[in-house]
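In: Here's my sequence, what's the structure:
(2 chains)
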Amino acid sequence: MIVANRDKIQKLAENLADMDDIKGRSLWTDARKRFLKNKAATASVVALLLIVLISFIGPFFAVWTNQQIDWDILGSAAELGAPNFVNGHYFGVDDSGRDLFSRVLQGTRISLMVGVIGAGIAVIVGTLYGATAGYVGGRTDQIMMRIVDILMSIPYMFVIILLLVVFGKSISMLFVGIGLLSWLDMSRIVRGQTLSLKNKEFVEAAQATGVSDFKIITRHIIPNLLGIVAVYATLLVPAMILTESFISFLGLGVQEPQTSWGALINQGAGTIQYGTEWQLLIPLMFFVVTLFSFFFIGDGLRDALDPKDR
Amino acid sequence: MFNYTLKRLAIAVPTLLLLVILSFLLMHSAPGGPFTSERPLPAQVLANIQAKYGLDDPLWKQLANYVWGVVVHFDFGPSFQYKDQSVNDIIAHGFPVTLTYGSIAFLVAVVFGTSLGVVAAIYKNSFIDYFAVGITIGAQVLPNFVMAPLLVWLFTLTLGWLPGGGWNGGQWQYLIMPVIALSTSYMASIARITRSSMLEVLNTNYIRTAQAKGLPARTIILRHALKPALLPMISYLGPAFVGMITGSVVIDMYFSTGGIGVAFVNSALNRDYAVMMGVTILVGALTIIFSLLADLLYAWVDPKIRY
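Out: Below you'll find the predicted structure:
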C-alpha cells in the first residue's frame, strides 16, 4: 500500500515536472485504457497474436511439409502417428500419413485469412451502404433497407453452398459468397447510428458550408461510426470463421491440398473411432482458442468504446 | 395488426419468388448441364433426354414452368441423379426426420435456455449465475460440427452408452446426441438474451413496487417479471429455427440420421441441382414463414408495439 502510494506521488511529481507534456485525453486513449484494464480481453489479444505468430513462423521449424506423406506411419497412424518430437511430427500425423503440424498451421492461416478478409468485405460494404441509406434517408433509405430485409430472409448458408457448387469450390468463390451476404447486419447497425448522427450540429455546419454529401459521409459520419464498427468487425471475424468451417466441414469449402480448421475437424471427427483423438483435438484447440479470443476482444472493445457504460 | 400482417405478407411473397428465380438462374448459369458426363452421350440420346426434362425449351419457358410447378403444385421437378425419384420424394423422405429432431432441439433450446437465463438473473453473481454465464460463453465456440464429434467421442467411444449414429425410426437413444449437438449454441444464446432482459426487468420500478407491497418472490417473478423478460427472446426464435434447419446438414452428415441435410450435401457433391434448389427453396420458405410468425407473435404479445 505504502509502496503504491509512493509510486503515485513520484508519478505526480514527474507529471508536475513536465507539465507541458500532458495532452488532452482523446476518446481512443480512454478506450485503450479501459480495454487494457479488461484482463480477459488483454489475454485474448496475446493469445491471438501467439496463434498468428505460430502459424507464420511455425513452418520454419517443421520437419515435414503439409503434402509429404510419411510412408513409415501411413496405415498405422493409430499406433505410430501420435504427437512425437523424435520423428518431427509435433502434432502427430493425419489419416493419410501427412504431418499434422504443417497442416494445422496451414489451416490456421487459411481460416484466419477467410475470417479477416470476409469481415473486411462485410465492414466496407456494410458501412458504406448503411451510412448512405441513413444519411440520404427518405425513399432511397426505404428501398435500400427493404433490399436488406429481403436478402436477410434468404437462407444464406444454402445459397453460399449453391454458389460454391455451381461456380466451383474455391476460396475465392467462398469469399464472394460470404461477402455477398455478410454485410447485412453491419449495414443495419451503421444505418441506425447514422440516423442519430446526421442531425448533429457538426453535420449541419458541414452542410451549411457546402460540403458534398459524399464527403460528409466519408469525412464526418464514418469516422464517428468507427467505434461501433470496430466492435462488430471483431465479432464478425469469428462469425466468418464459423461459416467457413461449417462449409469446409461438409467438404464443400476449402479443397485439398489446402485445408482449414473446418476440414481438419471433419477429418479428425471421421477417424476418432480408431483412437486417433489428437487428429480432432489439436485443430479443435486452435479453433476454440481463436474464437474465444475474438469474442473476448469484441466484448472488451464494446465495454471500452460504449459511452453508455462509463 | 391485420394491416401489419398484410404488409409482411406483401414482402414475404416476392422474396420467396425472388429466391425461386435466383436459384433457377444460378443453376442455369452453371457450366455443363446435368447430363454432361466424362463419357459423352450420343447426340440423339442427349437430345431425347433434354427433351424429356424440357431442357431444350427457351430459358424463359423453363423458368416459367419451374416457377409454376413450385408455386402452384409444390412440385420441384425430377431429380437429375436418381432417375426414379422426384425432388418431392426425396424431400418427403428426409424432411420428417429433420423436423422431428429439429423441433425437439428447438424446444430443448427454448425451455432450458430461458430457465437458465431466468435463474441466472434471479441469483445474480452467485455460483449459479457464474455457471450459467460460463456455459453461455463456452457454447459460443462449440457449434454443432464441434459438438457432434465430441459427443460421439464421449458417449459412444469412451462410455459406450449411446449408438454413434443412425435413426432407427427415431428411438430415443438415437435422438439424444443430435438434439444436444444442435441445441447447445442456441440454448446458450437464448440464456444470454433472457438473462440480460430479466436483469433489466428486475430493476424496473413496478417490480420494486411489487416487492415493497410484500408480494412473495415467486409471484413477482412468475406473474410480473417473466412475461416482459421473455419478449426479446421471441425475435430470436426465427433465426434460431433457421439455424437449426441449417445445422441439420451437419447432423445428418455426421450421425447418418437421413434427414434433408444429407440429401442436400449429396446433391451438392453430385451436382444434382434440382434437389439443391428444392431444399434451398423449402428452407427459404420456412425461414420466411417462421420469421413472419415470430414477428406476429411479438406484436401480439407486446402491446407497446403497434404497426
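
In: And what about B:Leu215, helix, strand or coil?
Out: Following DSSP: H, G, I helix; E, B strand; the rest coil, the label given to B:Leu215 is coil.

In: With B:Asp56 instead?
Out: Secondary structure, three-state DSSP: B:Asp56 is coil.

In: Need the pLDDT of A:Arg109.
Out: Here, the pLDDT recorded for A:Arg109 equals 90.

In: Tell me how many other residues crowd it.
Out: Counted by other CB atoms under 10 Å in any protein chain shown, the residues lying close to A:Arg109 total 18. C-betas here are computed from N, CA, C, even on glycine.

In: What of B:Ser115?
Out: Using other CB under 10 Å, B:Ser115 is surrounded by 15 other residues.

In: In contact with the spatially most distant residue from the centre of chain B, which residues?
Out: Farthest-out residue of chain B from its mean C-alpha position, per CA atoms, centre = their mean: B:Lys213, at 44.6 Å. Counting by CB atoms under 8 Å, 6 or more residues apart in numbering or on different chains, B:Lys213 makes contact with nothing.

In: Distance-wise, check it relative to A:Arg191.
Out: Here B:Lys213 is placed at a distance of 44 Å from A:Arg191 (CB to CB, to the nearest Å).

In: In which helix or strand does the residue of the stretch 1-150 of chain B found nearest chain A reside?
Out: Among all residues of the stretch 1-150 of chain B, B:Pro149 sits closest to chain A, at 3.4 Å; criterion: CB to the nearest CB. B:Pro149 is located in helix B:144-151, with elements delineated by DSSP states H and E.

In: residue contacts, A:Asp299?
Out: A:38, A:40-41.

In: quick one, helices of the chain?
Out: Since no chain was named, I'll use chain A. For chain A, the helices defined by DSSP state H cover A:2-17, A:27-37, A:39-57, A:77-80, A:100-136, A:138-152, A:156-167, A:171-181, A:184-197, A:201-208, A:213-215, A:222-249, A:261-271, A:278-305.

In: my question was about chain B
Out: Using DSSP H, the helices of chain B run over residues B:2-28, B:43-52, B:59-73, B:87-122, B:127-140, B:144-151, B:172-202, B:205-212, B:217-219, B:226-255, B:260-270, B:273-301.

In: Please name whichever of these is nearest to A:Asp30.
Out: Closest approach to A:Asp30 among those (CB to CB): helix B:172-202, 24.6 Å.

In: Under the pLDDT cut-off, which ranges of the stretch 51-200 of chain B? List them.
Out: B:83, B:170 (pLDDT under 70).

In: how about the residues of it that lie near chain A?
Out: B:137, B:140-143, B:145-146, B:148-150, B:152-153, B:157, B:164 (CB under 8 Å from any CB of the partner chain).

In: mind redoing it with 6 Å?
Out: Applying CB under 6 Å from any CB of the partner chain, one finds that the stretch 51-200 of chain B approaches chain A through B:140-141, B:143, B:145, B:149, B:153.

In: ok so, going back, output the helices of chain B as JSON lines; include the columns distance to A:Leu181.
Out: Shown next, in JSON lines, are the helices of chain B (distance: least, CB to CB, whole Å):
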{"stretch": "helix B:2-28", "distance to A:Leu181": "12"}
{"stretch": "helix B:43-52", "distance to A:Leu181": "33"}
{"stretch": "helix B:59-73", "distance to A:Leu181": "22"}
{"stretch": "helix B:87-122", "distance to A:Leu181": "22"}
{"stretch": "helix B:127-140", "distance to A:Leu181": "21"}
{"stretch": "helix B:144-151", "distance to A:Leu181": "20"}
{"stretch": "helix B:172-202", "distance to A:Leu181": "20"}
{"stretch": "helix B:205-212", "distance to A:Leu181": "41"}
{"stretch": "helix B:217-219", "distance to A:Leu181": "46"}
{"stretch": "helix B:226-255", "distance to A:Leu181": "13"}
{"stretch": "helix B:260-270", "distance to A:Leu181": "17"}
{"stretch": "helix B:273-301", "distance to A:Leu181": "13"}
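
In: what's the closest of these to A:Ala131?
Out: It's helix B:2-28; of those, that one is closest to A:Ala131 (CB to CB) at 23.8 Å.

In: Of the contacts of A:Asp299, just the buried ones, ChimeraX syntax please.
Out: To isolate the buried subset of those in ChimeraX, counting by 16 or more other CB atoms under 10 Å in any protein chain shown, use the following:
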select /A:38,41
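
In: so which of the contacts of A:Asp299 also contact chain B?
Out: Here nothing survives when these are matched to chain B using CB under 6 Å from any CB.

In: Chain B: which of the contacts of A:Asp299 is nearest?
Out: Distance to chain B across these (CB to the nearest CB) is lowest for A:Ala40, with 9.5 Å.

In: if I pick the closest residue to B:Phe131 other than its chain neighbours, what's in contact with it?
Out: Of all residues not flanking B:Phe131 in the chain, B:Ala120 sits nearest, at 7.9 Å (CB to CB, 6 or more residues apart in numbering or on different chains). Listed by CB atoms under 6 Å, 6 or more residues apart in numbering or on different chains, the contact partners of B:Ala120 are B:129, B:132, B:195.

In: Could you check how far B:Ala120 is from B:Val201?
Out: 14 Å.

In: and if you look at B:Asp129?
Out: In terms of CB to CB, B:Asp129 sits 16 Å off from B:Val201.

In: re earlier: most packed of the helices of chain A?
Out: Each of the helices of chain A was given a mean neighbour count from mean count of other CB atoms under 10 Å in any protein chain shown, and the largest, a mean of 24, is that of helix A:261-271.

In: what does it contact?
Out: By CB under 6 Å, 6+ apart, the surrounding residues in contact with helix A:261-271 are A:95, A:107, A:111, A:245, A:248-249, A:254, A:279-280, A:283-284, A:287, B:149.

In: Now do that helix and helix B:226-255, the angle between them.
Out: 60 degrees (axes from the mean of the first three to the mean of the last three CA atoms, to 10 degrees).

In: mean confidence score for helix A:261-271?
Out: For helix A:261-271, the mean pLDDT works out to 85.

In: Convert the C-alpha atoms of it to PDB, please.
Out: Taking C-alpha atoms only, helix A:261-271 is exported to PDB below (Å, rounded to 0.1, in the frame of the first residue of the first chain):
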ATOM      1  CA  TRP A 261     -10.000 -25.700 -39.500                       C
ATOM      2  CA  GLY A 262     -13.400 -27.000 -40.600                       C
ATOM      3  CA  ALA A 263     -11.800 -29.500 -43.000                       C
ATOM      4  CA  LEU A 264      -9.300 -30.600 -40.300                       C
ATOM      5  CA  ILE A 265     -12.000 -31.000 -37.700                       C
ATOM      6  CA  ASN A 266     -14.000 -33.000 -40.200                       C
ATOM      7  CA  GLN A 267     -11.100 -35.400 -40.900                       C
ATOM      8  CA  GLY A 268     -10.300 -35.700 -37.200                       C
ATOM      9  CA  ALA A 269     -14.000 -36.300 -36.400                       C
ATOM     10  CA  GLY A 270     -14.100 -39.100 -39.100                       C
ATOM     11  CA  THR A 271     -11.300 -41.000 -37.500                       C
END
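
In: Distance from it to the middle of the chain?
Out: From the chain centre to the centre of helix A:261-271 is a distance of 21 Å (CA atoms, centre = their mean, to the nearest Å).

In: what does the stretch 101-250 of chain A put close to chain B?
Out: For the stretch 101-250 of chain A, the contact set with chain B under CB under 6 Å from any CB comprises A:150, A:153-155, A:157-158, A:161-162, A:165-166, A:242, A:249-250.

In: Farthest-apart pair in these, please.
Out: By the measure CB to CB, A:Ile150 and A:Phe249 form the most distant pair in these, at 28.5 Å.

In: rewinding a little: quick check: which helices or strands does the helix holding B:Pro149 pack against?
Out: Contact here means 3 or more CB pairs under 6 Å, 6 or more residues apart in numbering or on different chains; DSSP states H and E; on that basis helix B:144-151 packs against helix B:172-202, helix B:226-255.

In: Put together JSON lines for those helices, with mean neighbour count on each row.
Out: What follows is these, written out as JSON lines (neighbours: other CB atoms under 10 Å in any protein chain shown):
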{"stretch": "helix B:172-202", "mean neighbour count": "22"}
{"stretch": "helix B:226-255", "mean neighbour count": "22"}
